[in-house]
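Q: Okay, here's the prediction I keep looking at, along with the sequence it came from:
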Amino acid sequence: MLQYPSKILIAFGETFSEEDGAFQKWLLESEYRELAALSSAIRGSYEARDWLLKNKFPELAALDSAIDEQQEAFVWLKKFGYDFLIVFANAIMGKKEAIQWLKHNQLDLFVRLAEQIKNFRDNQTFDYHKLHF
């Protein structure tokens, strides 16, 4: 995720706080569809997670699973060298060491993203009617 421009990551973060879906739609219509899919996967869309896998973004699908604390995802990320995504997933889960690592490495945007995603996840109620991609 470090390769994305800051403005794209900011738009990705906004998908977790918007009401009208404008940022989600913008990402979906951009060259960064994988971030729209990741946002949807984090929100619970199995279709979006499958899209990530089919479109050669397995690391983002694994990130989604790691956020859900699936240990197999952490093992897969480690095996294929996605150490940053492990740190990011841990930061989203609120682990202080991961947040400190991001801050120490001047990755404050990722601290903000982790907070936005964690806040969204902590305040959501599961509604299977909203699983669309």
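A: Good, I have the coordinates. Residues are numbered from 1 along each chain as shown.

Q: Helices of the protein, start to end?
A: All helices of the chain, identified by DSSP state H, fall at 6-14, 22-28, 33-42, 46-54, 58-67, 71-79, 83-92, 96-104, 108-123.

Q: which secondary structure elements does the first one contact?
A: The contact analysis (3 or more C-beta pairs under 8 Å, 6 or more residues apart in numbering; DSSP states H and E) places helix 6-14 against helix 22-28, helix 33-42, helix 108-123. Bear in mind the C-beta positions are built from the backbone N, C-alpha and C, glycine included.

Q: That helix: which residues count as buried?
A: Of the residues in helix 6-14, Ile8, Leu9, Ala11, Phe12, Gly13, Glu14 count as buried by neighbour count, 16 or more other C-beta atoms under 10 Å.

Q: which one is the last one nearest to, not counting chain neighbours?
A: Counting by C-beta to C-beta, 6 or more residues apart in numbering, Glu14 lies nearest to Phe23, which is 4.3 Å off, once chain neighbours are set aside.

Q: likewise the fourth one?
A: Closest residue to Phe12 in three dimensions, ignoring its sequence neighbours and counting by C-beta to C-beta, 6+ apart: Leu35, at 4.6 Å.
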